[in-house]
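Participant: Quick check, what structure comes out for this input:
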Amino acid sequence: MSHASFAAVLHLLRAHSLLEERFAGELASIHGLALKDALLLMHLARAPLMRLSRVDLARRLNASPSTITRTCLPLEKLGLVGREDDQRDARLSYVVLTEAGRARVAEAEATLRHKSADLFSDRWNEAEIATLADLLGRLTAGQPGRLS
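Facilitator: Below you'll find the model as predicted:
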């Protein structure tokens, strides 16, 4: 790996830590959601019929199906997601976004959008932000789970 590649990875890891810390606190205090919960709800909100299997959610969130099961339990207790069995395959069930979940994810996404604008406002112009988004999009191209 070249020095520039290694430096880029280190900067990305540090940026990830910074972003996770900054956004997680805000989401928890305002919406009662962990960042991973908000991302899971965002994936469901964008899915056809607002439902996905646990395996599909795991792929999109780079997690194991058992992690998705553990993540969904408190969300189910809060009434933000539900379960739906597949009519044709008894082995398959879906995580479904409820109406309460739709409202909560819309609120959380508005907070994320606002915090995102704040994050970049004092450092970069719109063209630079668009370039960064494009470059990071190329890094993750072909991976499931694109939210933008």
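
Participant: Check which element follows the helix with the most length in the chain along the chain.
Facilitator: Criterion DSSP state H: the longest helix present in the chain is helix 3-31. Note on helix 3-31: by DSSP states H and E, the next helix or strand toward the C-terminus is helix 35-46.

Participant: Give the pairing partners of the helix or strand that that following helix is followed by; include direction for each.
Facilitator: Downstream of helix 35-46, the first helix or strand assigned by DSSP H and E is strand 51-53. Its sheet considered, strand 51-53 pairs with strand 93-97 (antiparallel) by DSSP bridges.

Participant: Alpha carbons only: can I get the strand it pairs with in PDB?
Facilitator: Taking Å, rounded to 0.1, in the frame of the first residue of the first chain, the C-alpha atoms of strand 93-97 are listed here in PDB:
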ATOM      1  CA  SER A  93     -39.600 -13.200   7.700                       C
ATOM      2  CA  TYR A  94     -39.200  -9.500   7.200                       C
ATOM      3  CA  VAL A  95     -38.500  -6.500   9.400                       C
ATOM      4  CA  VAL A  96     -41.100  -4.000   8.600                       C
ATOM      5  CA  LEU A  97     -41.100  -0.300   9.300                       C
END
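
Participant: Other residues contacting that strand?
Facilitator: Outside strand 93-97, the residues that touch it by C-beta atoms under 8 Å, 6 or more residues apart in numbering are 40-41, 44-45, 47, 49-54, 57, 68, 72, 80-86, 105. In short, each C-beta sits where N, CA and C put it, glycine included.

Participant: Those, buried ones only, as a PyMOL selection?
Facilitator: Those of the contacts of strand 93-97 that count as buried under 16 or more other C-beta atoms under 10 Å are selected in PyMOL with:
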select buried, resi 40+41+44+45+47+50+51+52+53+54+57+68+72+80+81+82+105
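
Participant: For the chain, which residue occupies the most central location?
Facilitator: The residue lying closest to the centre of the chain (C-alpha atoms, centre = their mean) is Leu39, at 2.3 Å.

Participant: right, and Trp124 touches Ala117 too?
Facilitator: No - applying C-beta atoms under 8 Å as the test, Trp124 and Ala117 come out as separate, 11.2 Å apart.
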